[in-house]
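Asker: fold the following, please.
(one chain, ligands or ions: 1)
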Amino acid sequence: MTSPTSSSETPVRARAEGDGAAESTRPQIRPAAEGWEQARTVEGRPLLQFASPRVKQPPTHLADLSLAERAAKLKELGLPAFRAKQLSTHYFQHWTTDPQAMSDLPKAGREELVAQMFPPLLTEVRRLRTDNGDTIKFLWRLFDGALVESVLMRYPGRITLCVSSQAGCGMNCPFCATGQAGLTRNMSTAEIVDQVVAANRAIAAGELGPQEHDGERVTNIVFMGMGEPLANYKRVMGALRRFVDPSPEGLGMSARNITVSTVGLVPAIRKLADEDLPVTFALSLHAPDDELRDELIPVNNRWKVDEALDAAYDYYRKTGRRVSIEYALIKDMNDHPWRADLLAKKLNQRGRGWVHVNPIPLNPTPGSIWTASDKPVAQEFIARLRAAGVPCTLRDTRGKEIDGACGQLAAAD
Ligand code: SF4
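Answerer: Model (predicted):
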């Protein structure tokens, strides 16, 4: 990490869009990558990578397929279709791919069948736990050596897993370690699903403390790990289907307990709204003005704040699901009172009761421009939103002590 340079700290007289007089002489820190160079286009804009490089794909796994596709595949292998249900039960209900545990399958050919349907996708490289064990960060190696993470967190009444959807990321956000190396590749549906099954296995083995009771499993999933989920639309959609498909075809989870978070890929948000899958939708906004957001979230150069908010609002109208706006409060960068007012204004212009703002406190990181807002500043930001009638909840930053906090600013420090 390098220290912020004087060129990135410009005292400005900021003016709230449209409402005239709100002025501030607070400093305005400009977003800048620290200790690495953001890849740029010939015009000097941060490079955005939407398409995954054409690289070798992981082998097909049972979780890539619907129940009908599994039955078809087994038929190709000369096996009866009902084996599809048996194999699905082992994987989606008992979290096992161990042929020894599948005594309902004929012994002859069992190992070969299991190898065919459950090729190993995730190899555990490292596991970090918080002191009381209520948060575990897994580091996984994929079949081609790419590394991804997932973070498992126990809260009162729920267990949440933060999953990755891409190896690397093409969105090039200046604060993000994941984006530094660009997009390695899209993860497959089964690679996404297998993170949840592996977490369920760890829970069943009693590894997530403090222990509560038997029969626990992941109840909530958030797509806030590595990658931009809507840039890997098809495979993420496949994973969402597996999550909500009734057991044993899938995990039988509730769509409302699954949160898809995006930096604002507008056409994909609109597509998601048309799927019959009322997942919770979160927009990582982090700035209400295009001037700042163009630099903070480079995809804003493609789809502006108002376009992203319109798409988010339409998501609410189509699905009836209240939208979350993620807003990491970064000292002197996006935490100015006029920005709280502008955010409230833009949200209220579209309607009431459709949205909830989650301000995310960053870790204090001395010497970095990516550091936590001062407490009174954060409090004022929230108070202004609330005063304007916008519901607001300061998010839990569990996992930060093991550097596994989710949210789009996870890798800032
Ligand atoms: S913050 Fe999210 S969208 Fe941006 S580069 Fe990192 S992983 Fe990608």
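Asker: state the helix or strand in which residue 261 lies.
Answerer: Taking DSSP states H and E as the criterion, residue 261 maps to strand 258-262.
Asker: what pairs with that strand, parallel or antiparallel?
Answerer: strand 220-223 (parallel), strand 280-284 (parallel) (DSSP bridges).
Asker: for the closest residue to residue 171 other than its chain neighbours, the count of nearby residues, please.
Answerer: Nearest residue to residue 171, sequence neighbours excluded (CB to CB, 6 or more residues apart in numbering): residue 228, at 5.0 Å. In this view, the C-beta of every residue, glycine as well, is placed from N, C-alpha and C. Using other CB atoms under 10 Å, residue 228 has 29 other residues around it.
Asker: cool, and residue 220?
Answerer: Using other CB under 10 Å, residue 220 is surrounded by 18 other residues.
Asker: can you offset everything so residue one is 297?
Answerer: Fine by me, first position is 297 from now on; the one you just mentioned is residue 516.
Asker: where's it relative to residue 459, distance?
Answerer: To residue 459, residue 516 is 11 Å away according to CB to CB, to the nearest Å.
Asker: find residues that contact each of the two.
Answerer: The contact sets of residue 516 and residue 459 do not overlap (CB atoms under 8 Å, 6 or more residues apart in numbering).
Asker: report the separation between the residue sitting nearest the centre point of the chain and residue 334.
Answerer: The residue lying closest to the centre of the chain (CA atoms, centre = their mean) is residue 520, at 1.7 Å. When distance is defined by CB to CB, residue 520 is 22 Å away from residue 334.
Asker: ditto for residue 467
Answerer: 11 Å.
Asker: more neighbours: these two, which one.
Answerer: Taking other CB under 10 Å, residue 467 and residue 334 do not tie; residue 467 has more neighbours (28 against 17).
Asker: what about the more buried one, distance to the ligand?
Answerer: Using CB to the nearest ligand atom, to the nearest Å, residue 467 is found at 4 Å from the ligand.
Asker: same thing with residue 403?
Answerer: Distance from residue 403 to the ligand, by CB to the nearest ligand atom: 45 Å.
Asker: that residue: what secondary structure?
Answerer: Following DSSP: H, G, I helix; E, B strand; the rest coil, the label given to residue 403 is coil.
Asker: and it, how many neighbours does it have?
Answerer: Residue 403 has 9 nearby residues by other CB under 10 Å.
Asker: kindly report the same for residue 616.
Answerer: Quick note: residue 616 (other CB under 10 Å) scores 9 neighbours.
Asker: thought it was touching residue 569?
Answerer: No - when contacts are counted by CB atoms under 8 Å, residue 616 is not listed as touching residue 569 (10.8 Å).
Asker: quick one, phi/psi of the most far-flung residue of the chain relative to its centre?
Answerer: Residue farthest from the centre of the chain, counting by CA atoms, centre = their mean, is residue 404 at 42.1 Å. With angles defined as degrees, to the nearest 10, residue 404 sits at phi -70, psi 120.
Asker: just the pLDDT for it.
Answerer: According to the prediction, residue 404 has pLDDT 92.
Asker: where in the stretch 297-446 of the chain is pLDDT low?
Answerer: Along the stretch 297-446 of the chain, segments meeting pLDDT under 70 span 297-320.
Asker: show me where it has its strands.
Answerer: Using DSSP state E, counting those that start in this stretch, the strands of the stretch 297-446 of the chain run over 305-307, 310-311, 319-320, 323-325, 419-425, 431-437, 443-451.
Asker: those: which one's closest to the ligand?
Answerer: Proximity to the ligand (CB to the nearest ligand atom) singles out strand 443-451 among the strands of the stretch 297-446 of the chain, at 10.9 Å.
Asker: after the closest one, which helix or strand is next?
Answerer: strand 454-458.
Asker: give me the residues contacting the helix or strand following that next one.
Answerer: Next helix or strand after strand 454-458 toward the C-terminus (DSSP H and E): strand 462-464. Strand 462-464 has contacts (CB under 8 Å, 6+ apart) with 348, 438, 442-444, 474-475, 477-483, 522-525, 527-528.
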